[in-house]
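> just need the structure, nothing else, for what follows:
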Amino acid sequence: MADVVCAERPLVLEDLVEWLAKGEKPASEWRVGAEHEKFVFRLGTHAAVPYEGEAGIKALLEGLMRFGWSGVYEPSDKGEVLIGLERGKANVSLEPGGQFELSGAPLETMHDICAETGGHLQEVKVVADELGLGFLGLGFTPNWSRADVPVMPKGRYGIMRAYMPKVGGLGLDMMFRTCTVQANLDFGSEADMAAKFRTSLALQPIATALFANSPFTEGKPNGFLSARANVWTDTDADRTGMLDFVFQDGFGYETYVNYALDVPMYFVKRDGRYIDASGQSFRAFMEGKLPALPGERPTIKDWADHTTTLFPEVRLKQYLEMRGADSGPWSRLCALPALWTGVLYDSAALAAAWDLCKDWTVEDHNVLRVDVARVGLKAQVGGRTAQDVAKDLVAIAREGLKNRNRLNGGMVDESGYLAELEEIAASGITPAERLLELYNGPWQGDVSPVFEAFAY
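A predicted model of the protein is given here:
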């Protein structure tokens, strides 16, 4: 497959399928990548933090360079702009409203992931303390309005910001007011990918309920336990949701490629700059008929970029991304990759997890996704509560991690990272409901204490 496609060798569908298949790895090489986002705020005032200024987001990025991070820059009309950091296979990036994201390196064990996450949080705290900044892990900002949130100077975000209101009512909230924690996992073959995709997609709403942690909007309860999850129900129907076709017979790489080809584009990147192709067709691009670049055909890098603009609850690239959870405290940042590793990297656990959801209908999937955003573990599916399914799911993950038997220096396996999820599942009380208890009790109807009580 050519990385640069010329007129004599345009991309064809088989190239796009092959690009996905290049993600296949033997089980001995499977790794896990953990990602998390957090809100940056000013200590004292709890205000959102702009990019520029002596104590802005740019200064935070520059301060982290003392720890061996290198800058990632993007050309703009004002010259090169610092938009992120990289160190080895890990990177730090900025979400549209300045949410600060660690995309960790692909690592072998949960012990490695939790050490990486903890090290990152220690580094950012050193710099943030000097700048008078703090970090908050929630799924939705508890008190900022859209107008309160500054805009980061990344080219793709300008295109997205203009396009979002055309296709949904809450897309700008998704961009500027949400934070998530994710896990990226490998697959061994097309059949393995399909089994993992189906199982994790069906059970993604259960993870949403376990991690629900965003009950406030602009200082008041918003009627949801995961406002972040609700936002995704009205962002852009073309590129979000539960992907009903994943559960159909014959699902594989080509099915996903055809879905992705029909998702409208956002942009094409040339010489580091983003060209607005919002709403245009990648299929037309493959035929040299893209209005934004008449006569030009895509490279495989253009295809890779396009796959990053799809936002279903589980996303396929050259690995699978679990996208269903609100951000939270350090303990739950480690719990999310532990949950999915336990379920997806042990064959007995994967089979047991599929048994939990194999009889659910397309309607079940879509109703559950909506219901967990509002009522969390009290939602119902297939004649059971989400809480009952969650208890089973976490128990399956624990067995999967025990079977993996990846021990730390103290000869302890990875299952301990599930302890908080076990407590949530057993009680049926989500993190969001704990926050509401504080709001209605000791906090006396004021959300501002969250910035002290739940800061990193």
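
> element containing Ala59, please.
In the assignment (DSSP states H and E), Ala59 maps to helix 57-64.

> for that helix, name the packing helices and strands.
Contacts defined by 3 or more CB pairs under 8 Å, 6 or more residues apart in numbering; DSSP states H and E place helix 57-64 against strand 79-87, strand 90-94, helix 110-131. The C-beta positions use only the backbone N, C-alpha and C, and glycine is treated the same way.

> partner strands of the helix or strand that the second one is followed by, with direction?
Right, strand 90-94. Later in the chain than strand 90-94, the nearest helix or strand by DSSP H and E is strand 100-103. Using DSSP bridges, strand 100-103 pairs in its sheet with strand 32-42 (antiparallel), strand 90-94 (antiparallel).

> where do the strands sit along the stretch 101-250 of the chain?
Assignment of strands within the stretch 101-250 of the chain using DSSP state E, counting those that start in this stretch yields the ranges 133-136, 180-185, 216-217, 220-221, 240-241.

> buried deepest among those strands, which one?
Of all the strands of the stretch 101-250 of the chain, strand 180-185 has the most neighbours on average by mean count of other CB atoms under 10 Å, namely a mean of 24.

> and it, which strands flank it?
Paired strands of strand 180-185, with direction, are strand 32-42 (antiparallel), strand 320-326 (antiparallel) (DSSP bridges).

> among those strands, which comes closest to Gly56?
strand 32-42 (9.3 Å; CB to CB).

> how about low-confidence regions in the stretch 1-150 of the chain?
By pLDDT under 70, the low-scoring segments of the stretch 1-150 of the chain are 1-8.

> chain neighbours aside, what residue packs nearest to Tyr456?
Spatial nearest neighbour of Tyr456, chain neighbours left out: Phe135 (4.4 Å); criterion: CB to CB, 6 or more residues apart in numbering.

> that neighbour bridge partners, please.
Beta-bridge partners recorded for Phe135 (DSSP bridges): Val40.

> list the contacts for it?
Applying CB atoms under 8 Å, 6 or more residues apart in numbering to Phe135 gives the contacts 38-41, 100, 121, 124-125, 128, 455-456.

> same check, this time on Arg398
Arg398 sits next to 342, 415, 418, 422 when contact means CB under 8 Å, 6+ apart.

> hmm, 7 Å instead?
342, 415, 418 (CB atoms under 7 Å, 6 or more residues apart in numbering).

> Ala59 now?
For Ala59, the contacting residues are 53, 131, by CB under 7 Å, 6+ apart.

> what is the burial count for Tyr253?
Tyr253 has 19 neighbouring residues, counting by other CB atoms under 10 Å.

> for Glu363, same thing?
As a burial measure, Glu363 scores 9 neighbours (other CB under 10 Å).

> likewise Glu452?
11.

> could you measure from it over to Asp148?
From Glu452 over to Asp148 the distance is 19 Å, taken as CB to CB, to the nearest Å.

> swap in Leu11?
With the distance defined as CB to CB, Leu11 ends up 43 Å from Asp148.

> quick one on the thing from earlier: among the strands of the stretch 101-250 of the chain, which comes closest to Trp443?
Trp443 lies closest to strand 216-217 among these, at 10.6 Å (CB to CB).

> tell me the mean pLDDT for that closest one?
Average pLDDT, strand 216-217: 98.

> neighbouring contacts of it?
140, 142, 222, 227, 447.

> 8 Å - rerun?
With contact meaning CB under 8 Å, 6+ apart, strand 216-217 is reached by 138, 140, 142-143, 222, 227, 435, 439, 447, 450.

> which of those residues tops the neighbour count?
Most neighbours among the contacts of strand 216-217, by other CB under 10 Å: Ala227, with 29 neighbours.

> which parts of the stretch 201-350 of the chain are helices?
In the stretch 201-350 of the chain, the helices defined using DSSP state H, counting those that start in this stretch lie at 227-231, 253-261, 282-286, 300-307, 330-344, 347-357.

> quick one: low-confidence parts of the stretch 151-300 of the chain?
In the stretch 151-300 of the chain (pLDDT under 70), no residue qualifies.

> now Asn258: how far from Lys196?
Distance from Asn258 to Lys196, by CB to CB: 20 Å.

> of the two, who's got more company?
Per other CB under 10 Å, whichever of Asn258 and Lys196 has more neighbours is Lys196, with 26 against 14.

> list the contacts of that one.
Lys196 sits next to 185, 187, 320, 344, 350 when contact means CB under 8 Å, 6+ apart.

> swap the cut-off to 6 Å and go again
187, 320, 344 (CB atoms under 6 Å, 6 or more residues apart in numbering).

> which of those tops the neighbour count?
That'd be Leu344 among the contacts of Lys196, by other CB under 10 Å, with 27 neighbours.

> ok, now how distant is Asp238 from Tyr266?
Applying CB to CB to Asp238 and Tyr266 gives a distance of 11 Å.

> what about those two, which has more around it?
Tyr266 (21 against 15).

> who's in contact with that one?
Tyr266 neighbours (CB under 6 Å, 6+ apart): 159, 278, 309.

> swap the cut-off to 10 Å and go again
Contacts here follow CB atoms under 10 Å, 6 or more residues apart in numbering; on that basis Tyr266 touches 156-157, 159-160, 163, 239, 274, 276-280, 305-306, 308-309.

> which two in those are spaced the farthest apart?
In terms of CB to CB, the contacts of Tyr266 reach their longest pairwise distance at Tyr157 and Gln280, which sit 18.1 Å apart.
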